[in-house]
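Enquirer: Compute the structure for the input listed below.
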Amino acid sequence: MRHEHHKLSGFTLVELMVSMSIGLVLLASALTMYRQAVNATWIASQRSEMQQDFRAAANLLQRDISMAGSGGLGQQGLASNSVGLPTGTGSVVPVYPCSSTSCNYINGAPVAYPTVTTAPYLYSIIPGPNLGITVSAAEGPTDIITVSYADATLALNCYAITVVAANQVLFQLPTSPSATCVLPTGVSTVPLLNAAGIGLQVGDYILFGQSAAGIVTNVIPATPAAGYTAAYTVMFDTGDPGHINQPGVATGSMKALPVGPSTSLSAVRLMMITYYLDISPTDGVTPRLMRIQAGKSPMPVAENVALLKFSYDVDNNGTVTANASTMPSGVTPNMIKKVNIIHLSMRSQLKGTSGYQGLDLQTSVSARNLTMGQEYPISGSAY
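Expert: From the prediction side, this is the model:
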């Protein structure tokens, strides 16, 4: 009987090591490609989120700035685009930005209105260079900005005005609308002053011509006189957090309004809007862009806004100064014709291996209702 022996062959140690090395190289390449794909997906998602927040923030800023002065200070008197606030003996310094309960939103403190020879004024655009929080020590303090324009949704121009006292005004709606009664497009009836949502609310800023301003503290339905269909007593009592209502002060207050019925005195509700940065209370770290409208609570516009800076183009009697971060000597905010957003910088929600992703907006917004001063120059000596 014959037996056959077969030689069994296998991998040598060298072959095994070579194949393991090739496998490790392939695995490392796959891991690198996977990591790159994950990183690219992360960057794309972070940028998409930033761009969405970016558009929301930029659109609101541009809309409000472009409206500055519309129907309000810019229409009531082109010579100044401003109204004086309470000053002199017995007065308290007026401050902003304010809700109905507080003004302490900028670094935990209120901001004083700009002054001319110690008298405070409300302007259609109020710059606030370096008044905001500091997000980055390298960049320094951020800016704030305040704009005002008329609220067209409430047709106060359709009401007859009777000044009862320095803290009380009677608004009555005539049976036959006057020539000054102009309703917004699509609105067929004059809104009632106590209408839910659209009517006067505590904290609303009312401008009376270019003579004075007041903060609403109460709206009380009244009995209309003959020839009127509705009447409301609007109170402007002391105690508003911004110290606008100071009926005992003779200068810059509603005490300057003539008592009695008036056919020449107009009234508008102002949209007083301030943009500023604060830190989200959720984590105590995330910076965010805030928007506060006078009388309302502040609302976040976008998170992770790390820098907000402005400059201004001003026209002083025909001499234009461009890109001024602070008002030049002899220039007041009533001369601002264009607002330059020099930095609206956003960063990603999360920090990647190479740091935060970032976007930065740089643009200019014309204050279209204030540009008449470029054709009819004004001097800074009066206001």
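Enquirer: Residue 122 contacts residue 72, doesn't it?
Expert: No: between residue 122 and residue 72 there is no contact under CB atoms under 8 Å: 9.6 Å. In this view, the C-beta of every residue, glycine as well, is placed from N, C-alpha and C.
Enquirer: Between those two, which contacts overlap?
Expert: Common neighbours of residue 122 and residue 72, counting by CB atoms under 8 Å, 6 or more residues apart in numbering, are residue 148.
Enquirer: what residue ranges in this structure score low on pLDDT?
Expert: Per-residue confidence of the chain (counting by pLDDT under 70) places the weak regions at 1-11, 34, 36-50, 74-80, 348-357, 371-383.
Enquirer: is it fair to say residue 53 lies in a helix?
Expert: Yes: Residue 53 forms part of a helix when assessed by DSSP: H, G, I helix; E, B strand; the rest coil.
Enquirer: Show me where the chain has its helices.
Expert: Taking DSSP state H, the helices of the chain run over residues 13-66, 73-76, 372-375.
Enquirer: Would you mind listing the residues in contact with residue 131?
Expert: Counting by CB under 8 Å, 6+ apart, residue 131 has contacts 106-107, 111, 141, 143-144, 276.
Enquirer: Can you go through those and name the buried ones?
Expert: Taking 16 or more other CB atoms under 10 Å as the criterion, what is buried in those is 106, 111, 141, 143-144, 276.
Enquirer: Of these, which belong to strands?
Expert: If you go by DSSP state E, the buried ones among the contacts of residue 131 have 111, 144, 276 in strands.
Enquirer: What's opposite the first one in the beta bridge?
Expert: Read it as residue 111. Beta bridges link residue 111 to residue 96 when assigned by DSSP bridges.
Enquirer: if I read this right, it contacts residue 98, doesn't it?
Expert: No: counting by CB under 8 Å, residue 111 does not reach residue 98; the two are 9.8 Å apart.
Enquirer: ok so, going back, which one among the ones in strands among the buried ones among the contacts of residue 131 gets closest to residue 216?
Expert: residue 111 (21.2 Å; CB to CB).
Enquirer: Tell me who's in contact with residue 89.
Expert: Residues in contact with residue 89 (CB under 8 Å, 6+ apart) are 249-250.
Enquirer: for residue 118, same thing?
Expert: When contacts are counted by CB under 8 Å, 6+ apart, residue 118 touches residue 87.
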